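> Quick check, what structure comes out for this input:
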Amino acid sequence: MKLGLFLAAAVILIRDPTGKWAKDPLEPWFQSLQNKNGLYCCARADGQPLDDGEWDIKDNHYRVLIEGEWTVVPDDAVISVPNKFGKAMVWLRADAHIASGEVQTFTRILCFIPGSGV
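Down below sits the predicted model:
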């Protein structure tokens, strides 16, 4: 049972399984996005567009509102190319680990691109 929960929590979002964005003219741009560690962020389908009130800058770091809590974006997750989409976007990844026999899940920011107004 615990192994099943662990595996379910560790699954990364699937890239556009329906093909919804396949004809989007920005698809090649989205596919090319990488964080500062060189990890590809995947497609638009994997990212979550953010409204202006869902991200900001505090103490020289970007923050994103995730599940009602402000989360600091790791510097290596920030994408620094110009934002052709316009809206800020965040790519999240569910991770899990076992501590004291319990499976603990948490959400990690894989990539973030600020809105084009920044």
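
> List phi and psi for the spatially most central residue of the chain.
When Cα atoms, centre = their mean is applied to the chain, the residue found nearest the centroid is Trp91 (1.2 Å). Reported as degrees, to the nearest 10, the phi and psi values for Trp91 are phi -110, psi 120.

> Just list the residues touching it, thanks.
Trp91 sits next to Cys41, Cys42, Asp46, Gly47, Gln48, Ile109, Leu110, Cys111, Phe112 when contact means Cβ atoms under 8 Å, 6 or more residues apart in numbering. Backbone N, C-alpha and C define where each C-beta goes, glycine included.

> Point out where this structure drops to low pLDDT.
When residues are selected by pLDDT under 70, those of the chain lie in 1-23, 43-45, 117-118.

> rerun that using 50 as the cut-off
In the prediction, the chain carries residues with pLDDT under 50 at positions 1-16.

> all helices of it, in order?
Listed in chain order, the helices of the chain (DSSP state H) span 2-10, 27-32.

> Make CSV from the contacts of Trp91 and add neighbour count and distance to Leu65 to it.
Listed next are the contacts of Trp91 as CSV, based on neighbours: other Cβ atoms under 10 Å; distance: Cβ to Cβ, whole Å:
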residue, neighbour count, distance to Leu65
Cys41, 22, 19
Cys42, 20, 21
Asp46, 21, 19
Gly47, 23, 15
Gln48, 15, 11
Ile109, 20, 12
Leu110, 22, 17
Cys111, 26, 16
Phe112, 24, 12
